[in-house]
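[1] what follows is a predicted protein model with its sequence.
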Amino acid sequence: MDPMLSPVALQGLPSLKSLTQYRGWTLDSSLCHLKTWLSMLPLLSELSISLGYQLGANANSVPGTVQSLSLKGMVGELKALREMAQQVPDLFYLHLDLCGHERHSFIAEVPQLFPKLQSLKMRHHSVPETEFLQLAQMSYLKHIMVLDAHNLSPNSALMDLAHKLHIQTNNRDHVIHSSEAKDRNVCFCAYEIGPVLPCNLDNEFLIIH
């Protein structure tokens, strides 16, 4: 948890490949050491940032070696997401759960910003159908995990969207309804209780709560 460690705490770990940073909302931004830490980790392949300061504070600091990126609960803006995308051209796995008024615009830009993406975690709420279906453009995408699926019934509009995406990708993406433990680090609006959706094990397109 930043800033419990010093700016040079990771200096002796240049081979570190996975890092999770978590912080509260009220800490002084001058105490954030993530940018310094990232400059010391040339082999980092997995990065998770939960809560904390605006996305732009570290957008240009993520090593290009990162292939798995989780952005959960911090305030984000489209400009910062674009800058971060330029830093990680080989990103395969993205957990995108930012807070902000541009949430639907984030999803609209994902196909252009992260063309090699194979797995995406996102929220369906407030994402227009046309923008959701743009994900069909991503030729490598196999899994989409909808974080707020617990609010939706099996006959909801989301199921119709999943079927349309299934068709548009020539059956490349399918739907699994599953459940997983709630992540304490995601956006606070995720902490709602909803029904568990039925499971179809023949599919690869994931809707998870």
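    Everything's here; your move.

[2] tell me, how many residues neighbour V8?
    11 (other CB atoms under 10 Å). Every residue, glycine included, has its C-beta placed from N, CA and C.

[3] can you verify it is assigned to a helix?
    No: applying DSSP: H, G, I helix; E, B strand; the rest coil, one finds V8 to be coil, outside a helix.

[4] strands of the chain, start to end?
    For the chain, the strands defined by DSSP state E cover 18-22, 46-50, 68-75, 93-99, 119-122, 143-146, 176-178, 206-208.

[5] how about the ones you listed in JSON lines, adding mean neighbour count and mean pLDDT?
    Below are the strands of the chain laid out as JSON lines (neighbours: other CB atoms under 10 Å; pLDDT from 0 to 100):
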{"stretch": "strand 18-22", "mean neighbour count": "16", "mean pLDDT": "91"}
{"stretch": "strand 46-50", "mean neighbour count": "21", "mean pLDDT": "93"}
{"stretch": "strand 68-75", "mean neighbour count": "22", "mean pLDDT": "92"}
{"stretch": "strand 93-99", "mean neighbour count": "20", "mean pLDDT": "91"}
{"stretch": "strand 119-122", "mean neighbour count": "20", "mean pLDDT": "90"}
{"stretch": "strand 143-146", "mean neighbour count": "21", "mean pLDDT": "86"}
{"stretch": "strand 176-178", "mean neighbour count": "18", "mean pLDDT": "45"}
{"stretch": "strand 206-208", "mean neighbour count": "21", "mean pLDDT": "40"}
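
[6] any chance of those strands in CSV, plus distance to P128?
    Output for these, formatted as CSV (distance: least, CB to CB, whole Å):
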stretch, distance to P128
strand 18-22, 32
strand 46-50, 27
strand 68-75, 21
strand 93-99, 16
strand 119-122, 13
strand 143-146, 15
strand 176-178, 23
strand 206-208, 18
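
[7] quick check, L135 in contact with H143.
    No: look at L135 against H143 with CB atoms under 8 Å: they stay out of range, at 11.0 Å.

[8] pLDDT at the closest residue to T169 other than its chain neighbours, what is it?
    Once flanking residues are discounted, T169 sits nearest to A136: 5.1 Å by CB to CB, 6 or more residues apart in numbering. pLDDT recorded at A136 is 88.
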